[in-house]
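1. Fold the following.
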Amino acid sequence: MIIIRKPTVNDVDTIFTLTNRMAQKGLMLSRSKYRITTMLQNFVVAEDDQTNKVIGCGAFSLLWTDLGEVMALAIEEEYQKQGVGSRIVNTLLEEARKLQVPQVITLTYKPEFFKRLGFQITDKDRFPRKLWRECLECPKLETCDEILLHIIIR
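-> Now for the predicted structure:
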């Protein structure tokens, strides 16, 4: 069985490996171990309780009082297409609901996955607060090829 839980500092290396393996395949942007460590409280991990192996991760970042972001979603290849990613995203959206954040965005190279969860493709110009934060530091700022999707939280 796969359980979704909050990570510990012992999971930092695994999250780093998972996210950067996906980044090397061009499926997400890379993140430093420092960045993962400083936002560890924003993450959840998926763990196979038979092997105690962390097989997926994702994070929710509060951008402003009216906006949050699902980010750093990464699943081990052999566990993909088994609902693990959906469970992680739904857990992160539940966190947004608890915080009463009305909208959540994500930037992705896999828009179809997020569309199945109720997200809609939207123009990046609709969410300038995202640009104020991480995008200014991104090497792809002027040539961003990720697709932005958003969902209204009810």
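2. what about the residue nearest to Leu62 when sequence neighbours are not counted, neighbour count?
-> Counting by CB to CB, 6 or more residues apart in numbering, Leu62 lies nearest to Gly68, which is 5.1 Å off, once chain neighbours are set aside. For the C-beta atoms, the positions are set from N, CA and C on the backbone; glycine is no exception. Neighbour count of Gly68, defined by other CB atoms under 10 Å: 24.
3. swap in Phe60?
-> Using other CB under 10 Å, Phe60 has 25 neighbouring residues.
4. Next: Gln100.
-> Gln100 has 9 nearby residues by other CB under 10 Å.
5. Distance check, it against Arg154.
-> Distance of Gln100 to Arg154, given as CB to CB, to the nearest Å: 11 Å.
6. sorry, back to before: residue contacts, the residue nearest to Leu62?
-> 60-62, 96, 99, 101, 103-105 (CB atoms under 8 Å, 6 or more residues apart in numbering).
7. Please apply the same query to Gln120.
-> Per CB under 8 Å, 6+ apart, neighbours of Gln120: 149-151.
8. Mind checking what secondary structure the residue nearest to the spatial centre of the chain has?
-> The centroid of the chain falls nearest to Met71 when counting by CA atoms, centre = their mean (2.2 Å). At Met71, secondary structure determined by DSSP: H, G, I helix; E, B strand; the rest coil is strand.
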